[in-house]
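K.L.:
following is a predicted model, sequence given first.
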Amino acid sequence: MERLMETNPKIENRLERLKDLVTGFEIGRVFLAALELDIFSELDEPAYAENLASRIDTRPGPTEKLLDVLAGLGLLSKEKGRYFTSPGFAPFLVKDSPYFGRFLKPKENHLHNLVHLEEVLRNGTQRSQDDPKHRFDKEAIDWMARISLLGRLQATVKQVKALAEFPRARKLIDLGCGHGLFGISFAQENPNLQVVLFDRPDVIPATRTYIERYDAGKQVRAMSGDYTVDDFGNGYDIVFEACSFGGSLQETKSFFDKVANALNPDGLFIRLTFTIDNDRKGPLEPLLWELKNNLAENSPRPMQTNSGLSSLLSESGMHLEKVVEMSQWCMNPMRLFISRKKEMPTPIR
């Protein structure tokens, strides 16, 4: 008779991986509940579970168990029976902190559709759709500026500065610039570069405050408009755009045509954006983003694969020369796409 202890497993046990997927949903729901209850702000100062429960109108027993889970995740600390938001996470979880994670709460219809995913896949959603247009006030722009300086801006500027064309460039435009720190930083690294910061009229007043803050007015100027419709000039050696464009396939083609027309021959179009791998197996976050938007029947920013983006650029007369993986410096899986405007062949006479 075979000894059970010496029996070789017939297959690799994948149940642990599958259990992790379920546990991940449960932990995510615990975290979202803590955000909704504003527990991290409430625990900016240490408090006992029963005192917190009284303040947020929850039952003391389950509240304490919830706090234990959050402490187990490292989001809370616990000393002598009192809980408080872990110092390393407090800047991102406590409201009114400079880096508060404004984006952490999912859109209401996205959360509903994922919780009821089986039903929505079969019958669609009856939930109201989110407005696809982004509106940024001064507070939001300032927040984005602070977040960009946590590594994303520095890494991006270093990549662009390393290009052989950068020190020779004399004119650059940053489309959808927001705070404008990318363009301002480019100007700082190339004293011969003139930079145009372009964004909507409601954004540009905030942009100008950053031009003044960094005393960049000699090299940097702001221009307002909608770059998908309005003329933003030409003769640029570099056109830069970071995660600001959202549109249909046809709108993307039109946008790329405008960029190509604005570039000098041999000029560079540099985009920091999200894409999906050509085999559509990753990265996971863009795949999930695409699913959520399709469930909502509202996909203002269709996700391109690398090869799909390359083809669209080529149709507009630009050749994709380099893709740089930027995810390690960003909150999301991002890539830097560096394209060159093709020179038109000289006509035969």
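P.N.:
Arrived safely, thanks for sending.

K.L.:
can I assume residue 222 sits in a helix?
P.N.:
No - read with DSSP: H, G, I helix; E, B strand; the rest coil, residue 222 is strand and lies in no helix.

K.L.:
mind checking pLDDT for it?
P.N.:
We note a pLDDT of 97 for residue 222 in this prediction.

K.L.:
who does it form a beta bridge with?
P.N.:
residue 197 (DSSP bridges).

K.L.:
would you map the helices across the stretch 1-150 of the chain?
P.N.:
If DSSP state H, counting those that start in this stretch is used as the criterion, the helices of the stretch 1-150 of the chain fall at 15-36, 39-42, 49-56, 60-72, 90-93, 108-115, 117-123, 138-148.

K.L.:
run through the neighbouring helices and strands of the last one.
P.N.:
What that stands for is helix 138-148. When contacts are defined as 3 or more C-beta pairs under 8 Å, 6 or more residues apart in numbering; DSSP states H and E, helix 138-148 packs onto helix 181-189, helix 204-213. In this view, the C-beta of every residue, glycine as well, is placed from N, C-alpha and C.

K.L.:
and for the second one?
P.N.:
In terms of contacts (3+ C-beta pairs under 8 Å, 6+ apart), helix 39-42 is packed against helix 49-56, helix 60-72, helix 90-93.

K.L.:
so which of those helices gets nearest residue 38?
P.N.:
When these are compared by C-beta to C-beta, helix 49-56 sits nearest residue 38, at 7.4 Å.

K.L.:
orientation of the closest one relative to helix 60-72 in degrees?
P.N.:
110 degrees (axes from the mean of the first three to the mean of the last three C-alpha atoms, to 10 degrees).

K.L.:
so what touches helix 49-56?
P.N.:
37-39, 42-43, 47, 59-60, 63-64, 67, 83 (C-beta atoms under 8 Å, 6 or more residues apart in numbering).

K.L.:
now residue 322: how far from residue 217?
P.N.:
Residue 322 is 32 Å from residue 217, where distance means C-beta to C-beta, to the nearest Å.

K.L.:
repeat that for residue 170.
P.N.:
18 Å.

K.L.:
the helix or strand harbouring residue 313: which residues count as buried?
P.N.:
Residue 313 belongs to helix 306-315 when assigned by DSSP states H and E. Going by neighbour count (16 or more other C-beta atoms under 10 Å), the buried part of helix 306-315 is 308-310, 312-313.

K.L.:
JSON lines for those, including pLDDT?
P.N.:
Listed next are those as JSON lines, based on pLDDT from 0 to 100:
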{"residue": "308", "pLDDT": "93"}
{"residue": "309", "pLDDT": "94"}
{"residue": "310", "pLDDT": "95"}
{"residue": "312", "pLDDT": "95"}
{"residue": "313", "pLDDT": "96"}
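
K.L.:
now list the buried members of the contacts of helix 49-56.
P.N.:
37, 39, 42-43, 47, 63-64, 67, 83.

K.L.:
quick one: contacts for the residue nearest to residue 168 when sequence neighbours are not counted?
P.N.:
Closest residue to residue 168 apart from its sequence neighbours, by C-beta to C-beta, 6 or more residues apart in numbering: residue 237 at 7.4 Å. The neighbours of residue 237, taking C-beta under 8 Å, 6+ apart as the test, are 165, 168-172, 263-264, 267-268.

K.L.:
which of those has the largest number of neighbours?
P.N.:
Using other C-beta atoms under 10 Å as the neighbour criterion, residue 172 leads the contacts of residue 237 with 27 neighbours.

K.L.:
did I read that right, that one in a helix?
P.N.:
No - under three-state DSSP, residue 172 sits outside any helix and is assigned strand.

K.L.:
mind listing what residue 143 touches?
P.N.:
Going by C-beta under 8 Å, 6+ apart, the list of residues near residue 143 reads 98-100, 102.

K.L.:
work out for me the element residue 240 sits within.
P.N.:
Counting by DSSP H and E, the element that carries residue 240 is strand 236-242.

K.L.:
direction included, what does that strand pair up with?
P.N.:
Strand 236-242 has these strand partners (DSSP bridges): strand 171-175 (parallel), strand 263-273 (parallel).

K.L.:
can you lay out those as TSV showing distance to residue 205?
P.N.:
Below are the strands paired with strand 236-242 laid out as TSV (distance: least, C-beta to C-beta, whole Å):
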stretch	distance to residue 205
strand 171-175	16
strand 263-273	24
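
K.L.:
export those strands to TSV and tack on distance to residue 51 and mean pLDDT?
P.N.:
As requested, those are arranged in TSV below (distance: least, C-beta to C-beta, whole Å; pLDDT from 0 to 100):
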stretch	distance to residue 51	mean pLDDT
strand 171-175	49	98
strand 263-273	45	96
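
K.L.:
nearest to residue 118, of those?
P.N.:
Set against residue 118 and scored by C-beta to C-beta, the strands paired with strand 236-242 come closest in strand 263-273, at 32.0 Å.

K.L.:
gap between that closest one and the chain center?
P.N.:
Distance of strand 263-273 from the chain centroid (C-alpha atoms, centre = their mean, to the nearest Å) equals 21 Å.
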